[in-house]
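S.K.: structure for the following, please:
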Amino acid sequence: MKTTLLLLPLFAAASLSAEEPFDTKKLSKIFNGKNLQGWHGNNPHTTDRAKEGNYKSLKAQQAEFLEHWKVEDGALVNDGHGPYATTNREYGDIEFTVDYKTVPKADSGIYLRGTPQVQIWDHTNEDAFKHGADKGSGGLWNNNAGNPGKDPLALADKPFGEWNQFHIRQLGARTWVWLNGKLVVDNAIMDHYWDRDVPLPARGPIHLQTHGGEISWKNIAVREIDGAEANKILRGSDEGFTSIFNGKDLTGWAGPLENYEVVDGAIACKEGKGGTLYHEDVLSDFIVRLEFKVPENGNNGLAIRYPGKGNAAYDAMCELQVLDNTGSKYATLDPRQYHGGAYGIAAAHVGYQRPVGEWNYQEVTVVGSTVKVELNGTVILDQDLSEIDPATFMAGKEHPGLGLTEGHFGFAGHNDPVQFRNIAIKKLK
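M.R.: Numbering: from 1, shown residues only. Below is the predicted model of the structure:
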């Protein structure tokens, strides 16, 4: 999928306080301080991610893992060699804490969801200044050049011989890092090092990297964050946004009002009914943030720049799919029909929805002919629709509304009781 970078602020999640503490009592230890239970050796650069001629099987790495890793005085100690210490379990949205201590000229890091990395530097090593070591540890060093998070916001490393402490929060691809109590990465999207064209995986293991210098780790603990809490954090403050739904009735909305109802503070399409319900405001460039919940096999859509009549999939700028991607009815759809895609025009990345029946948080940014969809902290679509050849549209159908520069925002119901709540708009022009 060809993507286009939007040069706009990232509104999807609030900036958290630099001093916001973690409640470490809620975290569960994943290293027992006694042995390697729950861990194995895996350098992903030489296993599933190996370049040609560099492959080393996972099984072959286990003896090497035991040779270079040991438990000493309650800490997990590596001599600077061997495969990375890797959790047996995979994790999605988490809070994570770990203490580490290393030596001069060391270069290490923490892989999240199997992906590099939260960087650990010797910030005094002048030979590594060209790589940014002088800026300190904690940055998402493998992010693309110029992307937020690549360089830490502050130098927070302690002197050699002292223990440093990371607190990390990851929701979708969005990452926060505190080092020794200082916020060094604030709500930055972590790029997918292994494949720059797709988002960070939804789940993956934690790796503690080895990189040529002795490093010790202790107090390693994790708390998995559920969808409701993640949605709240990702949304943050609605400052600058205007609510367009009062949670009680359909005041301010138009279209087939009789086909929709308000259920427990959410707009719901009535089962067996449909049509495009749209808000009365006319919008040009805007950001909309909302929560949605789909039932099994649920199908709906977000009408973007809808003209007030016609089929939102064709007569609006586009219809962004809202769909139960796991539904049995939808096993063989065109990729441009799955959730988040611009229907029939551009496909979104899949695998980032919460389970059926749970609330998802989504934010859509529309600027000119470009649409960006961020779902649960992960950007699943970022596309200039004008760059797509109309000859490639699904089923060869024309989309006469694609060039619209203004219109209404709404919901394109398709007979299923899909629900929407906490709907707010920020006008960009």
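S.K.: okay, now the domains of the chain?
M.R.: Structural domains of the chain, as assigned by automatic domain parsing, span the residue ranges 24-225, 237-427.
S.K.: just send the ones you listed back as a markdown table, with mean neighbour count, distance to residue 231 and mean pLDDT too.
M.R.: Bear in mind the C-beta positions are built from the backbone N, C-alpha and C, glycine included. Formatted as a markdown table, the entries for the domains of the chain read as follows, by neighbours: other CB atoms under 10 Å; distance: least, CB to CB, whole Å; pLDDT from 0 to 100:
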| stretch | mean neighbour count | distance to residue 231 | mean pLDDT |
| --- | --- | --- | --- |
| domain 24-225 | 18 | 9 | 94 |
| domain 237-427 | 19 | 4 | 98 |
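S.K.: quick one: the nearest residue to residue 160 once chain neighbours are set aside from residue 121, how far?
M.R.: In space, and not counting its chain neighbours, residue 160 is closest to residue 104: 6.0 Å by CB to CB, 6 or more residues apart in numbering. Separation of residue 104 from residue 121 (CB to CB, to the nearest Å): 11 Å.
S.K.: do the same with residue 100
M.R.: Separation of residue 100 from residue 121 (CB to CB): 12 Å.
S.K.: kindly report the same for residue 317.
M.R.: 46 Å.
S.K.: same question, residue 343
M.R.: Using CB to CB, one obtains 46 Å as the distance from residue 343 to residue 121.
S.K.: tell me who's in contact with residue 170.
M.R.: For residue 170, the contacting residues are 93-94, 96, 112-113, 176, 190, by CB atoms under 8 Å, 6 or more residues apart in numbering.
S.K.: let me know the next secondary structure element after the helix or strand hosting it.
M.R.: Using DSSP states H and E, residue 170 sits in strand 164-171. Of the helices and strands lying after strand 164-171 in sequence (DSSP H and E), the nearest is strand 174-179.
S.K.: paired strands for the following helix or strand past that next one, with orientation please.
M.R.: In the C-terminal direction, the helix or strand that comes right after strand 174-179 (DSSP H and E) is strand 182-189. Strand 182-189 has these partner strands in its sheet, going by DSSP bridges: strand 174-179 (antiparallel).
S.K.: secondary structure class for the nearest residue to residue 369 once chain neighbours are set aside?
M.R.: With CB to CB, 6+ apart as the criterion, residue 369 has its nearest non-adjacent residue at 3.9 Å, and that residue is residue 386. When classified by DSSP: H, G, I helix; E, B strand; the rest coil, residue 386 comes out as helix.
S.K.: swap in the one 5 residues further on?
M.R.: Using three-state DSSP, the three-state assignment for residue 391 comes out as helix.
S.K.: distance of it from residue 397?
M.R.: Residue 391 is 11 Å from residue 397, where distance means CB to CB.
S.K.: check residue 60 too.
M.R.: Per CB to CB, residue 60 is found 53 Å from residue 397.
S.K.: show me which of the contacts of residue 170 is closest to residue 313.
M.R.: Looking at the contacts of residue 170 and their distance to residue 313, the nearest is residue 93, at 31.9 Å (CB to CB).
S.K.: so who does that closest one touch?
M.R.: Listed by CB under 8 Å, 6+ apart, the contact set of residue 93 reads 170-172, 224-227, 230, 377.
S.K.: ok, so what distance separates it from residue 44?
M.R.: From residue 93 over to residue 44 (counting by CB to CB), the distance is 21 Å.
S.K.: ok, residue 241 next?
M.R.: Counting by CB to CB, the gap between residue 241 and residue 44 amounts to 40 Å.
S.K.: what of residue 248?
M.R.: Looking at residue 248 against residue 44, where the rule is CB to CB, the gap reads 51 Å.
S.K.: would you double-check that residue 59 falls in a helix?
M.R.: Yes - in this structure, residue 59 lies within a helix as judged by three-state DSSP.
S.K.: for the stretch 1-150 of the chain, what spans make up the helices?
M.R.: In the stretch 1-150 of the chain, the segments counted as helices under DSSP state H, counting those that start in this stretch are 58-68.
S.K.: can you give me the strands in it?
M.R.: 28-29, 39-41, 69-72, 75-78, 85-87, 94-102, 107-112, 115-121 (DSSP state E, counting those that start in this stretch).
S.K.: so what are the sheet partners of the fifth one and their directions?
M.R.: Paired strands of strand 85-87, with direction, are strand 39-41 (antiparallel), strand 207-208 (antiparallel) (DSSP bridges).
S.K.: how about the shortest one?
M.R.: Each strand paired with strand 28-29, and its direction, by DSSP bridges: strand 215-224 (antiparallel).
S.K.: contacts for the next helix or strand after the partner strand?
M.R.: Counting by DSSP H and E, the next helix or strand C-terminal to strand 215-224 is helix 227-235. Applying CB under 8 Å, 6+ apart, the contact partners of helix 227-235 are 12-14, 16, 93, 169, 171-172, 174, 225, 289, 291, 354, 358-361, 376-377, 422.
S.K.: so what's the gap between the next helix or strand after helix 227-235 and the chain middle?
M.R.: Going down the chain from helix 227-235, the next helix or strand is strand 242-243, by DSSP H and E. Strand 242-243 has its C-alpha centroid displaced from the chain centroid by 24 Å (CA atoms, centre = their mean, to the nearest Å).
S.K.: and strand 242-243, what does it pack onto?
M.R.: When contacts are defined as 3 or more CB pairs under 8 Å, 6 or more residues apart in numbering; DSSP states H and E, strand 242-243 sits against strand 419-427.
S.K.: so the strand it packs on versus helix 227-235, what angle?
M.R.: Direction vectors for strand 419-427 and helix 227-235, defined by axes from the mean of the first three to the mean of the last three CA atoms, to 10 degrees, enclose an angle of 10 degrees.
S.K.: contact partners of strand 419-427?
M.R.: Contacts with strand 419-427, where a contact means CB under 8 Å, 6+ apart, come from 11, 235, 238, 240-245, 247, 263, 265-268, 279, 281, 283-293, 359, 409, 411.
S.K.: try it again at 6 Å.
M.R.: Outside of strand 419-427, the residues within contact range by CB atoms under 6 Å, 6 or more residues apart in numbering are 238, 240-245, 265-268, 286-293.
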